[in-house]
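Student: Would you be able to build a 3D model of this:
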Amino acid sequence: MFKVFDSGLSPIGIDIGSHAVRLMQFRTTAGGLSLQAACRIELDSLDAGGQASARQVTAIRHAISTQNFSGRDVVVSLPTNSVHAKSVRLPQMPDSDLDQALKWEAKDRFGFEIGESGGQIVWFRAGEVRRGTEVKDELLLFAVEGGVLTGIMQELLGLRLNVRAVDLAPCATFRSVRRAAGAGTTPVLAGTGALLDIGHAGTQFMITRDEELVFYKHIDLGGKAVNEAIAAKLGITAAEAVQMRARLTTDAANADEAPLNQALRDAMRAPLEELARELDMCMRYYVVTFRGARPESIVATGRQAGCAQVRETLGNALNLQVEEAQPLRGVQNLGDVARPDRSSEWAIAAGLSLYPLHARARVEAAA
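Tutor: Predicted coordinates:
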């Protein structure tokens, strides 16, 4: 069990993404939470034989050895493409019976064994679903194949890191956003809330009800698709599209840049409106299934969330407000790498580093 910040240091949170690896660690001071170290490394910048896993290990090793991280305790999230997710409906039953039933469901749906020598599952009760007189439980089922999990664990152990926990990225995201809103005491996303993590290769959409995860969907559309759409529309490379987006924003564009800025908006509209349609279907499903209220706004995380054009286009298509999360709000000594205008991309890494707060909450709830 974690000794929650007894040493003044949190574990190192390692967010392994498809495009980049982010590491973050906090320490406590008399003034509150402070940043110990943070590092972001793009995997495409590394030469490691073309293997994604090799580049991930190289990135983590470089970050640990060159930045001011302290200790060897880590909490890690797996790449999104390594985690299988599905909504499942089953008859109501006790947790002990449900765990075994979901292992069978996972094997049937995902095609690999679940158990000590195989894959692992995590599940959440989303709520009751009524069809006439029949009542079932809808459950969110997450599973990872045993070989994938073992491979990542061995790579981290090879770096002499102590893996204290493997967490789900959606849980880490919610944890950091919740802390920032009220240091873990003031409700955030109360009632029906929505979180949107826009990554490079895909997007994760979550709906919460009274701070419980009740809906999750991974959508295969992210920043890569936006950059490719810009490149195709303007006749440039995807790398040039990234550079152009970094240079031009709605807030900073001057008169000379306005036409090009508008061209960017037009080029990225198609993939973002497609993403908005997917999000709208997710919210319709939630409303119909659970007879709940549609979220009134969406809190967005991930590097793409820092782009005002992305938020505005999604918000207009959905007819609701898309707000950028500030998961590092209130943290001292952020420095340049995690400065406020880049805060949203650190949501997962921050939430992983804050995992001991989750462990303490579970102990207090059981007491």
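Student: Buried residues in the lengthiest helix in the chain, which are they?
Tutor: Longest helix in the chain by number of residues (criterion: DSSP state H): helix 258-290. Neighbour-count burial for helix 258-290, counted by 16 or more other C-beta atoms under 10 Å, picks out 261, 264-265, 267-269, 271-272, 275-276, 279, 282-283, 286, 289-290. C-beta coordinates here come from the backbone N, C-alpha and C atoms, glycine included.
Student: and what of stretch 287-306?
Tutor: Across stretch 287-306, burial judged by 16+ other C-beta under 10 Å covers 289-290, 292, 295, 298-306.
Student: Quick one: those as JSON lines, columns for distance to Lys136 and secondary structure too.
Tutor: Compiled in JSON lines, these are given as follows (distance: C-beta to C-beta, whole Å; DSSP: H, G, I helix; E, B strand; the rest coil):
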{"residue": "Thr289", "distance to Lys136": "11", "secondary structure": "helix"}
{"residue": "Phe290", "distance to Lys136": "12", "secondary structure": "helix"}
{"residue": "Gly292", "distance to Lys136": "17", "secondary structure": "coil"}
{"residue": "Pro295", "distance to Lys136": "24", "secondary structure": "coil"}
{"residue": "Ile298", "distance to Lys136": "28", "secondary structure": "strand"}
{"residue": "Val299", "distance to Lys136": "30", "secondary structure": "strand"}
{"residue": "Ala300", "distance to Lys136": "32", "secondary structure": "strand"}
{"residue": "Thr301", "distance to Lys136": "32", "secondary structure": "strand"}
{"residue": "Gly302", "distance to Lys136": "33", "secondary structure": "coil"}
{"residue": "Arg303", "distance to Lys136": "38", "secondary structure": "helix"}
{"residue": "Gln304", "distance to Lys136": "36", "secondary structure": "helix"}
{"residue": "Ala305", "distance to Lys136": "35", "secondary structure": "helix"}
{"residue": "Gly306", "distance to Lys136": "40", "secondary structure": "helix"}
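Student: Strands of the stretch 151-300 of the chain, start to end?
Tutor: 162-167, 192-198, 203-209, 212-219, 297-301 (DSSP state E, counting those that start in this stretch).
Student: helix or strand right after the helix or strand hosting Val122?
Tutor: Element membership of Val122, judged by DSSP states H and E, is strand 120-131. Using DSSP H and E, the next helix or strand after strand 120-131 towards the C-terminus is strand 134-144.
Student: residue contacts, the closest residue to Ala232 other than its chain neighbours?
Tutor: Excluding the flanking residues, the one nearest Ala232 by C-beta to C-beta, 6 or more residues apart in numbering is Ala267, at 7.9 Å. Counting by C-beta atoms under 8 Å, 6 or more residues apart in numbering, Ala267 touches Ala229, Ile230, Ala232, Lys233, Leu234.
Student: Likewise for Asp266?
Tutor: The contact partners of Asp266, taken as C-beta under 8 Å, 6+ apart, are Lys233.
Student: ok, it to Gly315 distance?
Tutor: 17 Å (C-beta to C-beta, to the nearest Å).
Student: same deal with Arg131?
Tutor: Counting by C-beta to C-beta, the gap from Arg131 to Gly315 is 34 Å.
Student: is it true that Ala85 touches Ile219?
Tutor: No - Ala85 is not in contact with Ile219 according to C-beta atoms under 8 Å; the separation is 11.3 Å.
Student: Can you read off the pLDDT for the nearest residue to Leu140 once chain neighbours are set aside?
Tutor: Leaving aside its chain neighbours, Leu140 sits nearest to Phe124 (4.4 Å; criterion: C-beta to C-beta, 6+ apart). With respect to pLDDT, Phe124 scores 94.
Student: Having no further points to raise, I will conclude here.
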